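Undergrad: Show me the folded form of this:
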Amino acid sequence: MQKNIVLLHGWGANTRRLHALASSLKTKGWKVLIPELPGFGAPEPDSVWGVGDYSKFVLNLASSFFKKDKYFIFGHSFGGRVAIKMSVENSEVLGIVLCATGGISRGNLIKRVVFKVAAFIGRNLGSWWKTLLYKIAREHDYEKASEKMKKIFQKVIAEDLKPLIPQIKVPALVLWGNEDRVTPLCDAYFIANNSKQSSIFIFDHTGHRLPYEKPNEVAEKIQQWAQEF
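TA: Numbering: from 1, shown residues only. Predicted structure coming up:
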């Protein structure tokens, strides 16, 4: 088995957040790539990117890093969106690990409404009310983003990835925390029930920060799953 893996972090995070997970995987013999994504460590894109643009960016990096070898992809939250796109567009992908992945629940529609209301409030009632609304929507990272990254975020969450789940042709490992308040647990079961080759594991007493808070446990689940190939 080729133990190569790409690790993709969530929105508002950076490569450092995945260093502990990468370290744990490396002790198990994995070769790890953690790309610096444009707008999250690397310079912002020249245009307003969507999930597909980030997918192509990572695919190019992975092809250069792993040469002709195949690899797995781990994606947390926003990174999971990118992993889904990569898995249906690239034959070099062996399997994907979707951890608290975004893009499944249509709660995204509510968020789009929140952003429109926040923009109105910001123009008419001041920034304090807008800040409060973002906090209620659990999108404080959005509030702190640059204007271009805000537009990218809106484009990213506007895309419904549900139709892509049945198109995933590689094995998928679904990892979730049972106390996740950002990406609902029902999304984990939707992925597991609608992808052709899936395994699922739910962590007790854990929320959306699963890979950052339990890197060793996540690495062990990836190791056990990959050994089945």
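Undergrad: where's the residue lying closest to Ile168 once chain neighbours are set aside relative to His76, distance?
TA: With Cβ to Cβ, 6 or more residues apart in numbering as the criterion, Ile168 has its nearest non-adjacent residue at 4.7 Å, and that residue is Ser195. (C-beta placed from N, C-alpha, C; glycine too.) Look at Ser195 and His76: by Cβ to Cβ, to the nearest Å, they are 17 Å apart.
Undergrad: of the two, who's got more company?
TA: A count of neighbours by other Cβ atoms under 10 Å puts His76 above the other of Ser195 and His76, at 30 against 24.
Undergrad: Just list the residues touching the one residue sitting closest to the centre of the chain, thanks.
TA: In the chain, the C-alpha nearest the mean C-alpha coordinate belongs to Gly79, at 2.2 Å (Cα atoms, centre = their mean). Counting by Cβ atoms under 8 Å, 6 or more residues apart in numbering, Gly79 touches 7-10, 99.
Undergrad: and if we set it to 6 Å?
TA: Shown here is Gly79, whose contacts under the criterion Cβ atoms under 6 Å, 6 or more residues apart in numbering are 8-10.
Undergrad: Would you tell me what the next helix or strand after the helix or strand containing it is?
TA: Per DSSP states H and E, Gly79 falls inside helix 78-89. Reading on from helix 78-89 to the C-terminus, the next helix or strand found by DSSP H and E is strand 93-99.
Undergrad: phi, psi of Gly177?
TA: When read as degrees, to the nearest 10, the backbone of Gly177 gives phi -100, psi 140.
Undergrad: residues making contact with stretch 166-178?
TA: Under the criterion Cβ under 6 Å, 6+ apart, external residues in contact with stretch 166-178 comprise 87-88, 93, 95-100, 185, 188, 191-192, 194-195, 197-204, 206-207, 210, 225.
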